[in-house]
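Novice: All I have is the shape, not the residue letters:
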């Protein structure tokens with residue numbers, strides 16, 4: 001199957017910055033109270049429903065994956081970037097990390113009690129995001145949970161230098177209402193929405209949507 005140019009660009013960019021990205025963001029959650037609160041709420045809902053496997057989709061260097069595991073979840077990570085997966089495996093050898101694409105996950109139907117896409121839908125153009133949500137709905141069991149994080153807006157940010165490297169990467173800011181609509185079309189029901197003010201060095205508000213399959 002031919003890959004879209006944005007998929008290739010995303011992989012190349014994160015392969016380039018993997019080590020520096022991991023070092024810079026390793027402890028970021030420690031200073032983000034509301035981010036941790038949304039992850040904790042997700043974990044509590046999954047555990048209250050009996051637990052099960054949870055996928056961190058677009059896991060990068062594994063910092064959210066290990067946080068989910070620390071909340072008592074059976075968490076593993078999937079990422080498009082082989083270099084990110086290598087960093088994650090080295091950093092957290094006790095957890096499972098695999099290379100894969102969110103648009104075509106190598107998972108059985110209804111395999112997951114929940115999934116997290118933590119700022120990982122942002123590099124997929126809006127016109128193809130419905131493909132991601134349909135795939136999330138396929139792998140999350142009925143009654144299971146999905147947590148999304150993304151930047152709020154309706155524009156695209158062209159990243160040409162980040163984490164100390166030159167790169168070619170676009171990031172799409174999202175409307176929470178539009179994302180809710182896409183989730184509804186895919187078979188999810190919005191449960192909780194949080195939009196918080198930007199914290200340095202963020203430029204725009206940050207959104208978190210918790211939805212149930």
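Specialist: Yep, it's here. Here the structure is a predicted model, which is why all the values come from computation and not from measurement.
Novice: And the top helix by length along the chain, what's buried?
Specialist: What stands out as the longest helix in the chain, according to DSSP state H, is helix 5-25. For helix 5-25, a neighbour-count test (16 or more other C-beta atoms under 10 Å) marks 6-7, 9-11, 13-19, 21-22 as buried. (Each C-beta comes from the backbone N, C-alpha and C, glycine too.)
Novice: Reformat these as JSON lines; add pLDDT and distance to residue 53.
Specialist: JSON lines is the format used below for the buried residues of helix 5-25 (pLDDT from 0 to 100; distance: C-beta to C-beta, whole Å):
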{"residue": "6", "pLDDT": "93", "distance to residue 53": "28"}
{"residue": "7", "pLDDT": "95", "distance to residue 53": "25"}
{"residue": "9", "pLDDT": "95", "distance to residue 53": "30"}
{"residue": "10", "pLDDT": "96", "distance to residue 53": "25"}
{"residue": "11", "pLDDT": "97", "distance to residue 53": "25"}
{"residue": "13", "pLDDT": "96", "distance to residue 53": "29"}
{"residue": "14", "pLDDT": "96", "distance to residue 53": "24"}
{"residue": "15", "pLDDT": "97", "distance to residue 53": "27"}
{"residue": "16", "pLDDT": "96", "distance to residue 53": "30"}
{"residue": "17", "pLDDT": "96", "distance to residue 53": "29"}
{"residue": "18", "pLDDT": "96", "distance to residue 53": "25"}
{"residue": "19", "pLDDT": "96", "distance to residue 53": "28"}
{"residue": "21", "pLDDT": "93", "distance to residue 53": "26"}
{"residue": "22", "pLDDT": "95", "distance to residue 53": "24"}
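Novice: which of those lies closest to residue 125?
Specialist: Set against residue 125, the nearest of those by C-beta to C-beta is residue 6 (6.2 Å).
Novice: That closest one against residue 171, yeah?
Specialist: No: assessed by C-beta atoms under 8 Å, residue 6 is found out of contact with residue 171, at 10.6 Å.
Novice: would you turn the buried residues of helix 5-25 into CSV with distance to residue 189?
Specialist: As requested, the buried residues of helix 5-25 are exported to CSV (distance: C-beta to C-beta, whole Å):
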residue, distance to residue 189
6, 29
7, 29
9, 33
10, 29
11, 32
13, 34
14, 31
15, 36
16, 38
17, 36
18, 35
19, 39
21, 33
22, 34
